[in-house]
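> requesting a structural model of the entry that follows:
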Amino acid sequence: MLEPISVSLESLNLITLSPMLIAIGGALLILIIDLFKSDLDKTLYVILTMLILFVDFGATYSLAINERGFFDLMLIDGIAVVSQLIILIASLLFVPLALTASNKRFHEYSYPEYFALFLFMVAGFQFMVATDNLILMFVGLETASLSLYTLIAMHNTRGAHEAAIKYFTMGALAAGFFLMGSAVIYATTGSVELYEVAKILQSQMDKTGFMISALGGVVLMLVAVGFKVSLFPFHMWTPDVYEGSSAPMAGYMSIVPKLAMVVVAMRIFGVYINLDIQAVSYIIIIIAVITMTLANMMALVQNDVKRMLAYSSISHAGFVMAALALGTTKGNSSIFLYYGFFLITNLGAFAMLWISRHKKKSHHERYDHPFSKFAGMVSKSPMAAVIMAVFMLSLAGVPPFSLFWGKLYLISSVVDYGVATDEMKYIVLAIVMVLNSAIAAYYYLKLIVYMFLLSPSEDETVVYANQSRPLNVIIGILAVTTILSILYVQPLMEFVTYLVSSSGY
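Residues are numbered from 1 along each chain as shown. Below you'll find the predicted structure:
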């Protein structure tokens, strides 16, 4: 007769679950409040959601590094902490924008279910980055994805419904390939714990058949990552999804879901890269180069600012994957610094699209934000034009704006690795990244030319300054942070490097 297994609360180390439990508990609290008292003003839910996120942020920041919990499913290392902090900062900047939206045009913000789903989504992303168990990664991925599909559809326009369906299709394919990749890895190694997978791979590297099977699992995982991060050739519907979503939601989607999946990729592919299985690095680098180059080519010919920013986000994903292929502490640290600055700049750029208000699509029958709509904007709303120009210059990598430092550290990590290993291909990769940055500068500067050098349209004005205080405050914070990044980039990089170096990846 088998003896019963005794499990103590102390051995579960439930503190590792505290950030996710706070988000889930907060979501349930919002639903309970609505159950007993419906038709409350959305301001209550916005403030309550922000309070929950602040508590979640504090709980995450106070976590001890390199601890496991809940039957060793949870892994709280430096990567888990820094990625959760970035996710929560992005969420704290996004939620107040709900106060900006009118109940008529953006009625989804008046539903308490919207904020509950948002917190469930955040908890899903946190589960994804705080584990090295493939099953829990999948649970977090699906929790976040299903919530996000619904949030997009709640905008309740034809474009939003199309975006939600396309994003759902992409997510379903990603989930399918992730499951197949996990099944292959489990069948090959007998484990879904990545630290166990690493040990087994290291002991079986001399067996050709075993390694071919293991690499098959990597290829399937790479397809799953490609759909979620928008890598070539799995990026085709991404601009359509961004176009159909509200502008701030598109900005949020360009950062947080991708960051969470990049961390998953960092953990999975890091196992193979650290074992010096060069084929994995080469495949990632090839896809990264094609992604950043093709996305930039597509962005050059876009006539809509929102679609241009969508292709821009795809190109930035290629940049990040190039550094991920290195598997070094500096490369991984640069990824988090890059995403921190990209969060500030890209969320600000998408939020600035909300300054435009028009009664009808007088400039284009399909697009809401064609370049022509921003012509002569400096004469209508000079401060908005200046702030938008700051965000465009930052995205272009112009010093001293924030994203310049992110690109500098990413490219320098590639150069350093090439010099350290004496492999010329990494120097070539760095040159390709620089050339792509130069190409991207053209379409970012194109918008600045429209805003400052062209005459405004003769048509009835369609660009109005949004005087909403929450929007002005958030955009002001993002713009000032973008400009003054030089003051905190070094200590921030040291903090991120310290956390990443304390991880086993």
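
> next, give phi and psi for E67.
phi -130, psi 150 (degrees, to the nearest 10).

> surely it meets N13?
Yes. Contact status for E67 versus N13: in contact at 6.3 Å, counting by CB atoms under 8 Å. For the C-beta atoms, the positions are set from N, CA and C on the backbone; glycine is no exception.

> tally of neighbours for G140?
Per other CB atoms under 10 Å, the neighbour tally for G140 reads 23.

> and the pLDDT for it?
For G140, the pLDDT comes out at 91.

> ok, now I355?
At I355, pLDDT is 68.

> wait, what's in contact with the nearest residue to M292 once chain neighbours are set aside?
Excluding the flanking residues, the one nearest M292 by CB to CB, 6 or more residues apart in numbering is G318, at 3.1 Å. Shown in contact with G318 (CB atoms under 8 Å, 6 or more residues apart in numbering): 231-232, 287-293, 295, 436.

> please redo it, this time with the cut-off set to 10 Å
By CB atoms under 10 Å, 6 or more residues apart in numbering, the contact list for G318 reads 229-232, 235, 287-296, 432-433, 436.

> would you mind checking these for buried ones?
Among these, those scoring as buried are 229-232, 235, 287-289, 291-296, 432-433, 436 (criterion: 16 or more other CB atoms under 10 Å).

> these in helices, which ones?
For those, membership in helices holds for 229, 287-289, 291-296, 432-433, 436, with DSSP state H as the criterion.

> closest one of those to A385?
Among these, N296 lies closest to A385 (CB to CB), at 24.4 Å.

> doesn't I290 make contact with the closest one?
No. Contact criterion CB atoms under 10 Å: N296 and I290 do not qualify, at 11.0 Å.

> quick check: mean pLDDT of stretch 36-45?
79.

> so which bits of it are buried?
42, 45.

> over to stretch 278-289?
Result for stretch 278-289 [16+ other CB under 10 Å]: buried residues 280-281, 283-285, 287-289.

> again with stretch 418-438
In stretch 418-438, counting by 16+ other CB under 10 Å, buried: 418, 426, 429-430, 432-433, 436-437.

> tell me the one of those residues nearest S62?
Nearest member of these to S62, counting by CB to CB, is M433, at 36.6 Å.

> can you show me the strands along the chain?
67-69, 74-76 (DSSP state E).

> starting at the chain centroid, how far to stretch 421-440?
23 Å (CA atoms, centre = their mean, to the nearest Å).

> burial of W237, as a residue count?
Neighbours of W237 under the rule other CB under 10 Å: 17.

> typo on my end, G209
9.

> measure it to L12 for me?
Distance, G209 to L12, by CB to CB, to the nearest Å: 39 Å.

> low-confidence stretches in the stretch 1-150 of the chain?
Within the stretch 1-150 of the chain, the stretches with pLDDT under 70 are 1-11, 100-107.

> please verify my assumption that L478 contacts L93.
Yes. With contacts counted by CB under 10 Å, L478 reaches L93, the gap being 7.2 Å.

> intersection of neighbour lists for these two?
343-344, 347-348, 351.

> mean confidence for the longest helix along the chain?
Secondary structure of the chain per DSSP H: the longest helix is helix 158-189. For helix 158-189, the mean pLDDT works out to 87.

> counting by contacts, list what that helix packs against.
Packing contacts for helix 158-189, counted by 3 or more CB pairs under 10 Å, 6 or more residues apart in numbering; DSSP states H and E, involve helix 134-153, helix 194-203, helix 208-229, helix 238-244, helix 247-253, helix 256-274.

> out of those, which comes closest to M377?
helix 247-253 (15.9 Å).

> and that closest one, how far from the chain's centre?
10 Å.

> equivalent analysis for stretch 301-314, please.
Relative to its parent chain, stretch 301-314 has a centroid offset of 16 Å by CA atoms, centre = their mean.

> got the buried residues for that stretch?
302, 304-314.

> same list (those) but as TSV, adding distance to L35 and pLDDT.
Converted to TSV, these look like this (distance: CB to CB, whole Å; pLDDT from 0 to 100):
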residue	distance to L35	pLDDT
Q302	45	85
D304	41	83
V305	41	84
K306	37	85
R307	40	86
M308	43	87
L309	39	86
A310	38	86
Y311	43	89
S312	42	88
S313	38	88
I314	41	89
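
> list just the nearest of those residues to I335.
Once CB to CB is applied, the member of the buried residues of stretch 301-314 that ends up nearest I335 is S313, at 14.9 Å.

> what sits against the closest one?
S313 is in contact with 229-230, 235, 238-239, 242, 250-251, 253-255, 258, 295, 299, 342, 346, 349-350, 395, counting by CB under 10 Å, 6+ apart.

> and the pLDDT for the residue nearest to M292?
In this model, G318 carries a pLDDT of 89.

> so where is the stretch 251-400 of the chain shaky, pLDDT-wise?
Using pLDDT under 70, the flagged stretches of the stretch 251-400 of the chain are 355-367.

> tell me where it has helices.
256-274, 278-300, 305-324, 329-352, 377-380, 382-395 (DSSP state H, counting those that start in this stretch).

> mind putting those helices into TSV with distance to G78?
Listed next are the helices of the stretch 251-400 of the chain as TSV, based on distance: least, CB to CB, whole Å:
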stretch	distance to G78
helix 256-274	11
helix 278-300	22
helix 305-324	16
helix 329-352	9
helix 377-380	43
helix 382-395	26
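
> would you mind telling me which of those is nearest I47?
That would be helix 329-352 among those, by CB to CB, at 19.4 Å.

> separation between S381 and N133?
50 Å.

> ok, the two, which is more surrounded?
It is N133, of S381 and N133, that has more neighbours when counted by other CB under 10 Å, with 24 against 19.

> surely that one touches F71?
Yes. If you go by CB under 10 Å, N133 and F71 touch, sitting 9.3 Å apart.

> so which of the ones in helices among the buried ones among the contacts of G318 is the closest to M451?
Once CB to CB is applied, the member of these that ends up nearest M451 is N296, at 21.2 Å.

> skip the chain neighbours and tell me the closest residue to that closest one.
I439 (4.6 Å).

> contacting residues around that neighbour?
292-293, 295-297, 299-300, 315.

> distance-wise, check A27 relative to F118.
For A27, the distance to F118 - CB to CB - is 8 Å.

> swap in V139?
18 Å.
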